[in-house]
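A.B. asks: coords below, sequence missing:
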């Protein structure tokens, strides 16, 4: 049985309430279009003027307006909602955990993944260092969803193929992200397609895509990729919804005709 999935592309602002309103509008649009599983982008709830802004709105696990919104929306729309990432409190006062939370159609919390690999990049005047405000996660994230096993990753994780191998066989990999324009233009699509081809599964990527109030420009290009590495749907820039179908029969056909997963020796 095929399942419709959707990725939400946003240009998040420093204001949580504004971003919640945008997310509600776009996720609702995806659900009206038949999506049973919807993925929000990384940092969907806040892209602050300063990196430290997310520390001020960090929530303890299980409570807070961001989590209440996601749980309530999943229940209202009767969908699986993968909440991109939000800042959760950590054991360090000046740092957060960049976390993906998953909610089922009944609004119940189903799974959690804390971003493991923290982005660092310097080129000319462009510089990023997530480790200044984020505590890295330690555990691989996989859950049973409507499409089968779903593996979770976030943005910079995309560059570390060993993480995806550690997930085991999955039907879908989700990648909420806020890739920079510079690195996105060079590597985003090719890395996403490689992960789909290597793991012979679907990849759903939800990105930030535009110029943010803090001056940062994100690459966008949210997309759905099939197990053969074909891009099935994509949105270049701006807010919007990318949707498509997960076809288990097609995935099994790829795995049977080219049984690379069975041929692994290490």
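C.D. replies: Arrived safely. Everything numeric in this text was worked out from a predicted model, so none of it was measured.

A.B. asks: ok, and what's touching the lengthiest helix in the chain?
C.D. replies: Secondary structure of the chain per DSSP state H: the longest helix is helix 16-32. Around helix 16-32, the neighbours that count as contacts under C-beta atoms under 8 Å, 6 or more residues apart in numbering are 6, 8-10, 12-13, 38, 40, 44-46, 57, 65-66, 69, 73, 77-79, 81, 239-241, 243. Glycine gets a C-beta too; all of them are placed from N, C-alpha and C.

A.B. asks: residues of it that come out buried?
C.D. replies: Of the residues in helix 16-32, 16, 19, 20, 22, 23, 26, 27, 28, 29, 30, 31 count as buried by neighbour count, 16 or more other C-beta atoms under 10 Å.

A.B. asks: Now flag whichever of those residues is closest to residue 88.
C.D. replies: residue 16 (13.9 Å; C-beta to C-beta).

A.B. asks: For the host helix or strand of residue 174, which strands pair with it and how are they oriented?
C.D. replies: Counting by DSSP states H and E, the element that carries residue 174 is strand 172-177. In the sheet, strand 172-177 lines up against strand 148-152 (parallel), strand 202-207 (parallel) (DSSP bridges).

A.B. asks: highest average neighbour count across the ones you listed?
C.D. replies: For the strands paired with strand 172-177, the largest average neighbour count (mean count of other C-beta atoms under 10 Å) is found in strand 202-207, namely a mean of 29.

A.B. asks: Can you name the element that comes right after that strand?
C.D. replies: For strand 202-207, the following helix or strand on the C-terminal side (DSSP H and E) is strand 222-225.

A.B. asks: Name the SS class of residue 106, please.
C.D. replies: State at residue 106, reduced to three classes by DSSP: H, G, I helix; E, B strand; the rest coil: coil.

A.B. asks: how much space between it and residue 11?
C.D. replies: For residue 106, the distance to residue 11 (C-beta to C-beta, to the nearest Å) stands at 31 Å.

A.B. asks: wait, what's in contact with residue 237?
C.D. replies: Listed by C-beta under 8 Å, 6+ apart, the contact set of residue 237 reads 209, 210, 220, 221.

A.B. asks: Of all pairs in those residues, which one is the farthest apart?
C.D. replies: Farthest-apart pair in the contacts of residue 237 is 210 and 221; separation 11.3 Å (C-beta to C-beta).

A.B. asks: which of those two has more neighbours?
C.D. replies: Ranked by neighbour count (other C-beta atoms under 10 Å), residue 210 and residue 221 place residue 221 first, with 22 against 18.

A.B. asks: Show me what residue 109 is bridged to.
C.D. replies: With DSSP bridges as the rule, residue 109 is bridged to residue 103.

A.B. asks: thought it was touching residue 71?
C.D. replies: Yes: the pair residue 109 / residue 71 is scored as a contact, 6.8 Å apart, by C-beta atoms under 8 Å.

A.B. asks: what do those two both touch?
C.D. replies: Joint contacts of residue 109 and residue 71 (C-beta under 8 Å, 6+ apart) are residue 103.

A.B. asks: Show me which of these two is the more surrounded one.
C.D. replies: More neighbours surround residue 71 than the other of residue 109 and residue 71, with 20 against 16 (other C-beta under 10 Å).

A.B. asks: now that one, nearest residue through space, not along the chain?
C.D. replies: Nearest non-adjacent residue to residue 71, counting by C-beta to C-beta, 6 or more residues apart in numbering: residue 107, 4.5 Å away.

A.B. asks: what about residue 106 and residue 11, which has more around it?
C.D. replies: Neighbours per residue (other C-beta under 10 Å) separate residue 106 from residue 11, with residue 11 holding more: 21 against 10.

A.B. asks: can I assume the more buried one is in contact with residue 207?
C.D. replies: No: in this structure, residue 11 is not within contact of residue 207 by C-beta under 8 Å, at 10.2 Å.

A.B. asks: Give the residues shared as contacts by those two.
C.D. replies: When contacts are counted by C-beta under 8 Å, 6+ apart, residue 11 and residue 207 are jointly contacted by residue 218.

A.B. asks: would you list every one of the helices in the protein?
C.D. replies: Here the chain has its helices, by DSSP H, at 16-32, 53-56, 65-77, 161-166, 181-183, 189-199, 248-257, 260-263.
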